[in-house]
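Visitor: Need a 3D model of the sequence below.
(chains A and B)
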Amino acid sequence: MTDTPDNSRREFIRIALIGGVAMISAGAASGAVLLPKQTAKPDNTKHPLVPMSKLPDIKIGKPLEVQISLAHRDAWKLRTSTQHVYLLREAEADAANSFTALSSICPHAGCRIELEDKKFHCHCHGAKFDLTGKVTEDPSPRDMDSLELVEVKEFKGEAWLFVNWAEFETGTTDKRMKGQA
Amino acid sequence: MNGSSQSSVEIKAELEEELEQELVKRKTSQIKLEAQPEPSTVSGLLAMAILSCVAVLAGTGTLMSLAYAPNLEDANASVAWYSAGVFGQLSRGAHFHASNLLIVLSASYLGWLAWSGLFRKPAQGGWYRATLLLVLVALISLTGQMLPMDQFALHGTNIRLGYLADTPVIGGWLRELAQGGDSIGTATLTRSYALHIIVLPTILLLLCRGLLAQTKSVQSTATLAAVALFTLVLVFGMGVMSPAPLGLAGDLTESYPEARPEWFALPLYQLLKWLPTTLVLFVPPILGAVVVFALPMLETAQTDPPKFQKFVRIGLVVTTLFGGTLAAIPMFSDMGNDTGYFVTYNVEDVMDAMGKRNDSLGNSDDPLPEATPTLARDLQILHHRLIRNYPDKITDAEKTDWDKWANNGLALAEEIRFASDDTTRRELRVKLREVCENCHEAHDEEVDLDPPANVRVLIKEVTIAPPPLTDWFDALKIKTTQPIPTRKNSTKSYMSRSKIRLRTLLRLAGAASGEPKYSREQAFVDMDFAVKQFHDDWQDNEATHESKSEWDEFMQTLNLRVAELQKANAENIVKRLDAVGKACDDCHDKGMWDEDFDWSYVSLKQ
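Guide: Numbers count the residues shown, from 1 in each chain, chains lettered A, B, ... in the order given. Coordinates of the predicted model:
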């Protein structure tokens, strides 16, 4: 190829284009791999849920929706976000083991499950669960995720029910903690 | 070389001579040219339309990037701010419609190449480029979808990240990469943003070169110009007619009943309801990739007509019909159930959402939160959802009122959003609450949207001077004041009316916080009237009640207390109001009158 002015211009444009794409892709790829994680896994285990003195108000077959707020670190920022936990009574005694706590995150695709009369309903793909969290209508691959409940004797001068908040992988038949292979 | 002095005729003659010598040297008499697929006018036109869309997207996208704030707190507000003006709305609308059109065009382009056999060697390069184009356009659309950070964007992103994590083996790692951490945060947004505006468009730019070459198959420049012009007019025209949607600010924990994917993902969405996630999200793309790569291997352009043309065409038609049918299923089912794309909002849910934002706006004495414009914008949208959306059991006369309140609220929310200073915003905040409270009260529902802030109670304690010891009510005014009629003539609404007026009196007497909305006399006359009404109402329905004697006893006490109240002076007014309240409580505490009773006098004083 002879080095006429026309050819060198074409060559330049070609190199600029390919080089530009290469540099940008390399920048994006290395940034994604080398930059530190911006959001860290929140340590939100043992989250106060309800005072034990309120437990007698919760009746069998009438789930209670409790909002909890979780702390997150997002790079230079601290954020709080809310999550919803459904508290169900299974036995008459007012102790932690008489209750089940269900996460409101749908095991199918992670939408918010809502309590509608006599059932749990996820509006995204139409999954339905009965009042104990069992799947009654597809497409959820498993029942609603239950959370661990703990009794704490001394908190704000009262005995409280705490919940160990956790998030689980969506779309799997087995319940796996998020971020664990 | 002495090229400049030669004419083109001479050059041609020279080259032909060289060719002849070469043929003799290679012992052959002619050159057999490899068959080339016919250049197609349709693909040239499609390429031109695609290039026009890309140009619109680049231009409007650059404009929007100048105003966009890529962080979780401000993203939604910056988009709302940008699209509030006519210019912003037009450019954002054009960007939105051009991106949708680009998906349609890219898919049609690939489809056309398949239909007309333009994947056959040696045209396979164009075929692969068209596939890459479609994939890129889809990726650009998906990364762009998160940027407005409204409910649609955030819920969509959350779900898609979940799908990404379902990728076999490397799923978790991929999600972390896209998220920039363990959960959705600012990094998720900035990564989407960088991919959307820099990385992916640059690769798209490379493909544009091939598309530009493709347009040469169209002979007439005028036709090409007409296609480009038509695309621009179409996209900007649609931008004017239907602006790009922007919903409530994103909040993953808030109910989002209209959650649905982008239109082009509807077939997959429907499949996801039937089949396991992994099967739906990975089998069709892998199958598609295999087909795309295999087609050019199967035949070259030398066979004409193409061997597989029939199969490819049938495949195309079947895929399109299948996709269309799958997409139609959720559409029709949503239409029947008033959800998804065809959602009708439940009044109670809208009210809940409004209450949440009202609480976030803070008390009248508090400084305004930073998110005030976003909250006001959300309130605008929510008020809009109440217009012509009536609760059950509402009369036609009330419907007119309902729309009036909703429109009032809408206008005030808009004013808050665009007010130029905080003082105005705070005044408007109080006004908006009054509109809400008045509407609720008119429908016999008590709400207190502005719970007392501690600061205000303190100020009151310090500044209120001891009142003089005269009759608290003006006897003459009581005689001349007419009671304001209640909306409904039911025991319940009379009860509610007397409760609300009792609170007004407490406020007037300085025993409860909040601004009284009626004069002393008006409040008393209304309460007195309501008490007489529910007494009468009860007697009319006497046959249905058993505890008449007890009721009469309670009513006697209450009437006595109300009569005493009328004669109260500035010193004992609170005591006498307490006595009326106690009469109410005593009766209600019996628990046999109304089952859904849920207040006590003490609560009025808070």
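Visitor: Need the nearest residue in space to the residue in the stretch 151-300 of chain B positioned nearest to chain A, chain neighbours excluded.
Guide: In the stretch 151-300 of chain B, the residue that lies nearest chain A is residue B:181 (3.0 Å; CB to the nearest CB). The C-beta positions use only the backbone N, C-alpha and C, and glycine is treated the same way. Excluding its sequence neighbours, the residue lying closest to residue B:181 (CB to CB, 6 or more residues apart in numbering or on different chains) is residue A:39, at 3.0 Å.
Visitor: any weak-confidence spans in the stretch 301-450 of chain B?
Guide: B:301-306, B:444, B:446-450 (pLDDT under 70).
Visitor: Now do the helices in it.
Guide: Taking DSSP state H, counting those that start in this stretch as the criterion, the stretch 301-450 of chain B carries its helices at B:309-337, B:347-361, B:372-386, B:396-418, B:422-442.
Visitor: want to throw those into JSON lines with distance to residue B:47 and mean neighbour count?
Guide: Formatted as JSON lines, those follow (distance: least, CB to CB, whole Å; neighbours: other CB atoms under 10 Å in any protein chain shown):
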{"stretch": "helix B:309-337", "distance to residue B:47": "19", "mean neighbour count": "14"}
{"stretch": "helix B:347-361", "distance to residue B:47": "46", "mean neighbour count": "16"}
{"stretch": "helix B:372-386", "distance to residue B:47": "40", "mean neighbour count": "22"}
{"stretch": "helix B:396-418", "distance to residue B:47": "43", "mean neighbour count": "17"}
{"stretch": "helix B:422-442", "distance to residue B:47": "51", "mean neighbour count": "17"}
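Visitor: And the pLDDT at residue 120?
Guide: Just going to use chain A. We note a pLDDT of 92 for residue A:120 in this prediction.
Visitor: To clarify, I was referring to chain B.
Guide: At residue B:120, the predicted lDDT confidence score is 81.
Visitor: any idea where the helices of chain A begin and end?
Guide: Along chain A, counting by DSSP state H, helices occupy A:5-34.
Visitor: Name the residue of it with the shortest distance to chain B.
Guide: residue A:39 (3.0 Å).
Visitor: returning to what we had before: count of neighbours near the residue nearest to residue B:181?
Guide: 22 (other CB atoms under 10 Å in any protein chain shown).
Visitor: Who does it form a beta bridge with?
Guide: residue A:74, residue B:181 (DSSP bridges).
Visitor: and stretch A:164-177, how far out from the chain's middle?
Guide: Stretch A:164-177 sits 9 Å away from the centroid of its parent chain (CA atoms, centre = their mean, to the nearest Å).
Visitor: Show me how far the lowest-mean-pLDDT helix or strand in chain A is from its chain's centre.
Guide: Every helix and strand in chain A was compared by mean pLDDT, DSSP states H and E; the lowest is strand A:39-40, with a mean of 74. With CA atoms, centre = their mean as the basis, strand A:39-40 stands 13 Å off its chain's centre.
Visitor: So, low pLDDT: which residues of chain B?
Guide: In chain B (pLDDT under 70), the answer is B:1-5, B:30-39, B:301-306, B:444, B:446-470, B:539-547, B:591-598, B:606.
Visitor: And the residue positioned nearest the centre of it, its phi and psi?
Guide: Among the residues of chain B, residue B:247 comes closest to the average C-alpha position under CA atoms, centre = their mean, at 2.0 Å. With angles defined as degrees, to the nearest 10, residue B:247 sits at phi -90, psi -160.
Visitor: That one touches residue B:155, doesn't it?
Guide: No: using CB atoms under 8 Å, residue B:247 is not in contact with residue B:155, being 9.9 Å away.
Visitor: For residue B:525, list the residues it contacts.
Guide: Contacts here follow CB atoms under 8 Å, 6 or more residues apart in numbering or on different chains; on that basis residue B:525 touches B:478, B:481, B:482, B:483.
Visitor: Would you agree it falls within a helix?
Guide: Yes: according to DSSP: H, G, I helix; E, B strand; the rest coil, residue B:525 belongs to a helix.
Visitor: so how far is chain A from it?
Guide: Distance, residue B:525 to chain A, by CB to the nearest CB, to the nearest Å: 40 Å.
Visitor: Also residue B:328?
Guide: 16 Å.
Visitor: what do you get for residue B:96?
Guide: For residue B:96 relative to chain A (CB to the nearest CB), the value is 23 Å.
Visitor: Could you figure out how far the helix or strand hosting that residue is turned away from helix B:309-337?
Guide: Here residue B:96, judged by DSSP states H and E, is contained in helix B:86-115. Interaxial angle, helix B:86-115 versus helix B:309-337 (axes from the mean of the first three to the mean of the last three CA atoms, to 10 degrees): 140 degrees.
Visitor: hmm, who's touching the following helix or strand past helix B:86-115?
Guide: Note on helix B:86-115: by DSSP H and E, the next helix or strand toward the C-terminus is helix B:124-145. Under the contact criterion CB under 8 Å, 6+ apart, helix B:124-145 has outside partners B:50, B:99, B:102-103, B:106-107, B:109-110, B:113, B:118-119, B:152-153, B:156-157, B:160, B:192-193, B:195-196, B:200-201, B:203-204, B:207, B:210-211, B:214, B:262, B:264, B:292, B:295-296.
Visitor: make it 7 Å
Guide: Residues from elsewhere that reach helix B:124-145, judged by CB atoms under 7 Å, 6 or more residues apart in numbering or on different chains: B:99, B:102-103, B:106-107, B:109-110, B:113, B:118-119, B:153, B:156, B:160, B:192, B:195-196, B:200-201, B:203-204, B:207, B:210, B:214, B:262, B:292, B:296.
Visitor: Which residue is the nearest non-sequential neighbour of residue B:250?
Guide: Excluding the flanking residues, the one nearest residue B:250 by CB to CB, 6+ apart is residue B:154, at 3.2 Å.
Visitor: and that neighbour, how many neighbours?
Guide: Neighbours of residue B:154 using other CB under 10 Å come to 26.
Visitor: Isn't residue B:562 up against residue B:530?
Guide: No: between residue B:562 and residue B:530 no contact is recorded; they are 10.4 Å apart, counting by CB atoms under 7 Å.
Visitor: Quick check on those two: which one has the bigger neighbour count.
Guide: Comparing residue B:562 with residue B:530 by other CB under 10 Å, the one with more neighbours is residue B:530, at 23 against 19.
Visitor: and chain A, which of its residues are near chain B?
Guide: Counting by CB under 7 Å from any CB of the partner chain, chain A comes close to chain B at A:17, A:20-21, A:24-25, A:28, A:32, A:37-41, A:72, A:74-75, A:82-84, A:109-112, A:114, A:123-126, A:138-139, A:141, A:169-171, A:179, A:181.
Visitor: Of those, keep whichever come out buried.
Guide: A:24, A:28, A:32, A:38-39, A:72, A:74-75, A:83-84, A:109-112, A:114, A:123-126, A:139, A:141, A:169-171 (16 or more other CB atoms under 10 Å in any protein chain shown).
Visitor: Give me the subset of these lying in strands.
Guide: A:39, A:72, A:74, A:83, A:84, A:114 (DSSP state E).
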